[in-house]
Each structure stands twice: as C-alpha cells, then as structure tokens.
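Student: Make a model of this:
(2 chains)
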Amino acid sequence: MANNIIIGAGPVATNAIETIREFDTESQITLICDEPAHSRMALPYWLAGQIPREHTHTADDAYFQRLDVTARIGDRVTGVDPSANSVTLCDGSSLAYDNLLIATGASPLALPVPGTDLPGVQPLWSLDHTASILNTTDGNSKPRIVLIGAGFIGFIMLNAMHKRGWQLTVVEREGQILPRMLDTDSAGIVQSWLKQKGIEVHVGTSLKAITESDDGSKSVELDNGTTLSADVVVIATGIKPNIEFLDGSGIETGQGVLVNDRMQTNFANIFAGGDIAQGPVLGGDEKEIHPIQPTAVDHGRVAGANMAGQDVRYPGSLSMNILDVCGLQNSSFGNWNDPNAEAMTISNPDGFIYRKLLWTGDQITGAIFSGRPNDMGMLTDVGMVKGIMQTQAKLGEWKEFLRENPFDIRRAYVANKVASKLAGTTLIGRPSKTRGFHFGGKSPTAQVASSHQVYVGTKPS
Amino acid sequence: MTKILNIVPQKCTGCMQCELACSWVQTGTFQPSRSLIRVNVFDEEASYAPYTCLQCDEAWCMTACPVNAIGADPDTGAKVVSESLCIGCHLCTIACPFGTVYTLPNTGKASKCNLCGGEPACAAACPTDAIEYVESETVGDWFDPWGDQLHANYVEQTSN
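Tutor: A predicted model of the protein is given here:
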C-alpha cells in the first residue's frame, strides 16, 4: 500500500488527490500545508465583496474524509531527503513517503525599497494579505491605493478594488502595463480604458521610497519626481517559486523544479507541479514555468495518475491568461511576444478592440485579444484559437483566408476539423469527473427556466 | 449510452430559430447574441450548421474552474455551470478549445449549453430537424464531414 505525501494545498494538490482516488482507494495520502486549501484565483472576488471568504476554500474536513486524506493544515515541510525517502517538518519530526508530490506554489517578491516595511504597505497574494487589506481599509469607503507593479497579479486585484470603488493609482517600472501579458499596442488600449475609468497610470518609473505621516497616510515617491498620496500601498512586482527548502536535497532545479512529462523530478518517486514546476511546454523544446491555474490542474492530474501507478504523459502546457480590467477583457495565449513570428493584427483603439494572431509557418503559435465582453466573452473566437493552438493545426491555405478575414476564425476552425481532433482526447485516459467539493460530493443538475416548456411542450411529434 | 446534440448540416437553413429558442430559455431574452448555440452561416461556401458545446469527455471548462462551479449532470452528462458558485474569472472561457463557454455580459458569469436538463429547446425549435437529440457512442461524428465539405467548397471557390 503506497504512502503518498503531498506538500501544498493549491489546485495541484486537490487535483492530484482526486486523481489518485480515481485509480486507487487503498493508498495513504497525507497533505501538508501551512495555509488552508483554497483558490488564489478566487481571492479577488472575496476582496471585491462578491463572495464570502469560505467560497475561496477548495477543501474542508468532509472533503478530506470522503477522499481518505490525512490533512496536516498548519504544518510546514522544511526539507526533503530523497535518499531516506522522508520529509522534515518544522517541528523537527520526519515523515516517510513512497511517493512525494511537491506543489508549494509561489510567493510575492520583496521590493528592497525604503518604507516597504511600513504598516499599510503590503503584497496582495494570499488569504492573509486579502484579510489584511480588508482590515486596513475597514470604515474607509474610498481608500487611496497605490499599486506598485502592473502585472497580472496586481491587475486582477486592481479589478477587485475598482469594483469596491477605491481610488486607484498604478505604477509600473517598464514602459507599458501588463508587460508579461500584452504587447505595447494592446497595453496602450488598456491604458486608455483605465484613464476613462479614472485610474491614474504611471509607466516607466520605479518606486523610490515610501514615508508615513503622523495620520498614517503614505507618501509614495517615484524616481521620475512624482509623489503620490496613499492609504495603502500594494506591492505586486512579481512572484518567485517556493523552492528554497529543496536546496541541497539533490532535486534538480532550474528556475523551478525540473520535471518530465510524467511530472517526475530526477527522482522517479518525487513529483512536482504548479507554480514551482518547470515542465514540458506544448510544441516547445525548452521547459518552462507556467504559473497559471489550468497548468496547475493538468500537473496535478498527471502527477496523481502516475503516483497511482498509471503511465500518463503530459503533452505540455499552453500559456494562457485572461484578465478583466475594469470591464475590458484581455487574453493572450502561447508565444504572443515571439519576435520571429509573423503577426496579423487588427487594432481599433477607439472601439477598444485588438486582435493579434502570431504565426510560425502555417501554425498559430500565439494570440492576443482585447475587447468588451460582447466582443470577447460572447464570441466563439477566443476558444477556437485556443483549440487551433492546442491541436497545433497546420492551417495551410486558411492562413491566407485569415489574413483577409481575421475576424472569421470559425471558418478556419471548422474546415480544419479542430473540434473532432479534440473531442476524443482526454488528459488521463478517461473522462473527467465532477470535482465534488462545493457540491458536497453530489453532481449538479441543469436549472431550466419555465419558458422552456413553450418550446419542448408544443413540438408536434 | 448518453444522448448528444447531433447536427445535420445539410438540413440547416440558417434560420436562427435555435438561437432564439436558446437565448429565451437560457437568458430570458430573444437575443441571438446571448444564445449558447451559434449558427455558423457560411454563405460563400453554402454551408450552415448550428454549433454548441459537444459535452466533451475531457471537459476543459470543468477541470480549469478554480472553485468547482462546473459539474457533470448525472442524468444527461451535460457539463453544467452553477451560477451561484461561478465567480466570473473567465478561465473556462479560455480553457475550452471549442469556444463554447461564454461570459454573459449582464452577469459577468460563465454560461454554456446544459442540454436544457435533457429536453434541448434548440432541437425542439428547429423546423428542419437539423438538430437531433439522439443516443450516440461518440460526441462529434457530424463534425468531420461538415469540415471536409466546407474546406472543399472553399478550395473550389478560391481556385476559380
């Protein structure tokens, strides 16, 4: 009977647990994490006041009991000894494993600037950080927030703070906002959207110092000479994988923990996934870290299947992001910033519409979309481009069609039979199952409006 | 064996009745732009077919959801969004490689075909039986012949 230990309680862990249990109900599973199991993706919606804190949780006692998991929430692993097949905990004790899954996620980078240790200056990444800013701003209906760092993490939180009606200013060191997600032109469209929403943006300048006055308000000094006033300063200048505790363990690392297509490290019984894992990339030779939810889920499921004795191989992750910036939707896929790719671009800055397809030969290898929900979320195009990239479809003569008709993704998608290439594929060799936690182990059923009877009740047979 | 929406492109006239039915049942408005089934009107190739979620086995939307707001209906196999659980992060929209998970502009939440609980309004509304709700072993056999035809028509057109 195998003894599995999982470190971390994010999406890699819960998906690995559920996948192990699909194949194997006998083995032991122990989960160790210093935070409760929750979804970081959901934190902005708690911050915005749209959901209660509990809605961010992804597992509870009943979940662990149902899946027969020993959960050690609040414990922390301080080291791994692959030669002894054991992990060391913060209290000095050790635990033996047959299979180990390391999924410790990432942490915000500290910014070595004077004043970043003041109260009211904080990252906004974890459950605790979210609780902290809600506490600091309690009773202040329009706190002044300065956000240092205009990346994905900062902006998903910016969107939440905008929903609260807070007064927002953004500072970005690089010459554009969202430099890891959008190209300069689409970032410019988003910047003018933000201006329209009353959000001040300073690009190409860095934080120099933060000082505090007697009333607790902060003075934020930038290196271009601007000084901003703030009640709270949010530092969101990037994240780093939590892998320091593996130093000296012999587990091979690059930027993250190096894993193969079964999510194994250089030790066959030690697996890694999620924000710490530098793994296979779809259609690429170099291993990369893709610190995004869909990759974490895939990693967890592939690792879980292999930990349960299956031979499941991961075709590689596809980088993808979608970000709602105060009502403007933005999405990018794959190698959207590849300088060697051929680009087809449509830009309508006044209409806040931007589309870019990046081609390598007759394959789409990157894409960027910006638009209002009616131009993005209600169209099939974004998902279809993802499908075309995921199947690495060679579009042949349809490349020229898309050059002439860049809004008509559907025709190229249908003619290249992308859907049927996808319909029969599964990641772990079987249909995905309902995840279970929020449904209490039950499956949902479709809620159908009473107007439905007008149609189904009057059809002559 | 589960039932699927089988599409017969040769029978589709592009009349959009399915879109009206779907938007009315799913969102309470007669707005094809809010429909979860979309008729592809490819006039140049003289090819028409409605297109919606295939209820695929992998269910990328369901696995990508960070708060487990999408589950499989035990009766129909349809992947169903729970509106009360959905936080509106749009990850399902970009994870779905078919482009059939939408974000409703009025709610900001995900919306997709739920097979109307087993009595799809689109199939009932289709006047030419181009949408059949039938038992099937596979989820998209109709797709390849339609793609082949569209491709052939396009090649014929562009070579003239």
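Student: For the residue nearest the centre of chain B, which non-adjacent residue is spatially closest?
Tutor: The residue lying closest to the centre of chain B (Cα atoms, centre = their mean) is B:T52, at 0.9 Å. Excluding the flanking residues, the one nearest B:T52 by Cβ to Cβ, 6 or more residues apart in numbering or on different chains is B:I37, at 3.9 Å. Quick note: C-beta positions are derived from backbone N, CA and C, even for glycine.
Student: In contact with the one you found, which residues?
Tutor: B:I37 makes contact with B:C18, B:E19, B:C22, B:P50, B:Y51, B:T52, B:C113, B:C122, B:I131, according to Cβ atoms under 8 Å, 6 or more residues apart in numbering or on different chains.
Student: Just those: which are in strands?
Tutor: B:P50, B:Y51, B:I131 (DSSP state E).
Student: So what's the residue count around A:E200?
Tutor: Per other Cβ atoms under 10 Å in any protein chain shown, the neighbour tally for A:E200 reads 14.
Student: That one touches A:V170, doesn't it?
Tutor: Yes. Between A:E200 and A:V170 a contact is recorded at 7.1 Å, counting by Cβ atoms under 8 Å.
Student: still on that earlier bit, what's the residue nearest to B:T52 sitting at in phi/psi?
Tutor: phi -110, psi 140 (degrees, to the nearest 10).
Student: the longest helix in chain B is where?
Tutor: In chain B, assigned by DSSP state H, the helix with the most residues is helix B:143-159.
Student: so what strands line up beside the helix or strand harbouring A:I368?
Tutor: A:I368 is part of strand A:363-371, with elements assigned from DSSP states H and E. Sheet pairing of strand A:363-371 (DSSP bridges) gives strand A:328-334 (antiparallel), strand A:353-360 (antiparallel).
Student: okay, the angle between whatever helix or strand comes next after it and strand A:363-371?
Tutor: Once strand A:363-371 ends, the next helix or strand along the chain (criterion: DSSP H and E) is helix A:381-390. For helix A:381-390 against strand A:363-371, the angle by axes from the mean of the first three to the mean of the last three Cα atoms, to 10 degrees is 160 degrees.
Student: And the contacts of helix A:381-390?
Tutor: A:282, A:318, A:320, A:331, A:333-334, A:357, A:364-367, A:369, A:376, A:395, A:407, A:409-410, A:412-413, A:416, A:418-419, A:422, B:93-101.
Student: Can you select the buried ones from those in ChimeraX?
Tutor: Buried residues within these, by 16 or more other Cβ atoms under 10 Å in any protein chain shown, are selected in ChimeraX with:
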select /A:282,318,320,331,333,334,357,364,365,366,367,369,376,395,409,410,412,413,416,418,419,422 /B:93,94,95,96,97,98,99,100,101
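Student: tell me which element the closest residue to B:H90 other than its chain neighbours is part of?
Tutor: Distances taken as Cβ to Cβ, 6+ apart put A:I322 closest to B:H90, at 4.7 Å, once the chain neighbours are dropped. A:I322 belongs to strand A:320-325 when elements are defined using DSSP H and E.
Student: swap in A:T88?
Tutor: Using DSSP H and E, A:T88 sits within strand A:86-89.
Student: Can you give the strand pairings for the helix or strand just after that strand, parallel or anti for each?
Tutor: Moving toward the C-terminus from strand A:86-89, the next helix or strand (DSSP H and E) is strand A:94-96. Using DSSP bridges, strand A:94-96 pairs in its sheet with strand A:86-89 (antiparallel).
Student: what sits against the closest residue in space to A:V325 that isn't next to it in sequence?
Tutor: Distance criterion Cβ to Cβ, 6+ apart; nearest residue to A:V325, sequence neighbours excluded, is A:V190 at 5.4 Å. Contact analysis of A:V190 by Cβ under 8 Å, 6+ apart lists A:I177, A:L178, A:L182, A:V325, A:L328, A:N330, A:S370.
Student: OK, contacts around the third one?
Tutor: Residues in contact with A:L182, defined by Cβ under 8 Å, 6+ apart, are A:Q176, A:V190, A:N330, A:S332, A:W336, A:I368, A:S370.
Student: Just the buried residues from those residues, in PyMOL please.
Tutor: Only the buried entries of the contacts of A:L182 go into this PyMOL selection, using 16+ other Cβ under 10 Å:
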select buried, chain A and resi 176+190+330+332+336+368+370
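Student: wait, A:P294 sits on B:A95?
Tutor: Yes. Between A:P294 and B:A95 there is a contact under Cβ under 8 Å: 5.2 Å.
Student: Pull up the overlap in contacts between the two.
Tutor: A:M320, B:W60, B:T63, B:A64.
Student: And those, which two are furthest apart?
Tutor: Maximum pairwise distance among the shared contacts of A:P294 and B:A95 (Cβ to Cβ): 13.8 Å, between A:M320 and B:T63.
Student: what's the overlap in contacts for those two?
Tutor: Residues touching both A:M320 and B:T63 by Cβ under 8 Å, 6+ apart: A:P294, B:A95.
Student: count of neighbours near A:G154?
Tutor: By other Cβ under 10 Å, the residues close to A:G154 number 26.
Student: got a list of contacts for the helix or strand where it lies?
Tutor: Using DSSP H and E, A:G154 sits in helix A:152-163. By Cβ under 8 Å, 6+ apart, the residues outside helix A:152-163 that reach it are A:43-45, A:47-50, A:108, A:124-125, A:145, A:147-148, A:168, A:170, A:177-178, A:180-181, A:197, A:199, A:234, A:236, A:239, A:321, A:323-326.
Student: quick one: which of the residues you listed sit in strands?
Tutor: Under the assignment DSSP E, the contacts of helix A:152-163 contribute A:P108, A:I145, A:L147, A:I148, A:L168, A:V170, A:V234, A:I239, A:N321, A:L323, A:D324, A:V325 to strands.
Student: I'd say the first one and A:Q122 touch.
Tutor: Spelled out, it's A:P108. No. Between A:P108 and A:Q122 there is no contact under Cβ under 8 Å: 9.3 Å.
Student: Could you name every residue contacting both of the two?
Tutor: In contact with both A:P108 and A:Q122: A:I235, using Cβ under 8 Å, 6+ apart.
Student: For residue 118, give me the pLDDT.
Tutor: Went with chain A since none was named. Predicted confidence (pLDDT) at A:L118: the value is 97.
Student: please go with chain B instead
Tutor: pLDDT, read off for B:G118, is 93.
Student: now do B:F42
Tutor: On pLDDT, B:F42 comes in at 89.
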